[in-house]
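*Asks:* can you look at this prediction? I've put the sequence above it.
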Amino acid sequence: MTEDDGWGTHILMLRPALVLAAKAAWIVRPARSEERVSRSLGVLLNDQRRGARAMRNAVSQGAISEFEQVASKFDRSSSNLANLVPLASVDPLGDEKLIRELGSDVNSYYGIDDALSHMQLLWNASSSLAHGETWFPLLSGGLQRRPFAEILTAQSFDAVCSGINTTSLRILQLATTPPAQLHPSTAT
């Protein structure tokens, strides 16, 4: 994945990991379990709504009718999930805001200042590539291109790994800390 194919594919491949780490960090950030559940529910319901909408759009544009059955499955799953969880869902923030928050988490955890800028660079670069822009091969000419691509790759990989690490540590803390210590105001 870290090999530079000249087109930035390796940068594009880091995008889903960055977004998922940012969503996970947002879900586990609150101390109150009810708020974490509401956020998780919001992420899941939003995902299923988008899937149902995509399937219905495909059918309306001439795709096979079986896609409607998939959309209906998403609808039923969303309904079941919403009925199963007795809390209101919280819609997730936009991906870019979630990534900025994750970058701030990493900066705070490691006592550094550059994780946020590295995550934003990865987000901007991968967004450009995902939207079909071709500036990566023109990053610089000749012999200078390789160092730029390597720096961007190293920074991007480090940023994603750091985001996954800090989020994993938060999950571990939540899993090993008694609830009364997470929010002492409810302790008896």
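*Replies:* Thanks, I have the structure now.
*Asks:* could you use CA atoms for every contact and neighbour count after this?
*Replies:* Fine.
*Asks:* for stretch 25-33, what is the spacing between the initial and final residues?
*Replies:* End-to-end distance of stretch 25-33 (Cα to Cα, to the nearest Å): 14 Å.
*Asks:* list the contacts of it.
*Replies:* Stretch 25-33 is contacted from outside by 36-37, 39-40, 98, 101-102, 163, 167, 170-171, 182-183, using Cα atoms under 8 Å, 6 or more residues apart in numbering.
*Asks:* try it again with 6 Å
*Replies:* When contacts are defined by Cα atoms under 6 Å, 6 or more residues apart in numbering, stretch 25-33 is touched by residues Arg36, Arg39, Ser40, Thr167, Leu182.
*Asks:* and the two most separated of those?
*Replies:* Farthest apart among these by Cα to Cα are Ser40 and Leu182. That separation is 18.3 Å.
*Asks:* and these two? Which one has more around it.
*Replies:* Set side by side, Ser40 and Leu182 show unequal neighbour counts under other Cα atoms under 10 Å, the larger going to Ser40 at 21 against 16.
*Asks:* before we move on, back to that, pLDDT check: weakest of the contacts of stretch 25-33?
*Replies:* Scanning the contacts of stretch 25-33 for pLDDT, the low point is Leu182. It has 56.
*Asks:* coming back round to it: columns distance to Val106 on top of the contacts of stretch 25-33, output as JSON lines?
*Replies:* Supplementary listing: these in JSON lines, determined by distance: Cα to Cα, whole Å:
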{"residue": "Arg36", "distance to Val106": "19"}
{"residue": "Arg39", "distance to Val106": "20"}
{"residue": "Ser40", "distance to Val106": "21"}
{"residue": "Thr167", "distance to Val106": "9"}
{"residue": "Leu182", "distance to Val106": "20"}
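*Asks:* can you flag which of those belong to helices?
*Replies:* Of the positions in the contacts of stretch 25-33, Arg36, Arg39, Ser40, Thr167, Leu182 sit in helices, assigned by DSSP state H.
*Asks:* residue ranges of the helices in the chain, please?
*Replies:* Taking DSSP H to define them, one finds helices in the chain at 9-28, 33-60, 66-84, 95-110, 115-130, 145-176, 179-182.
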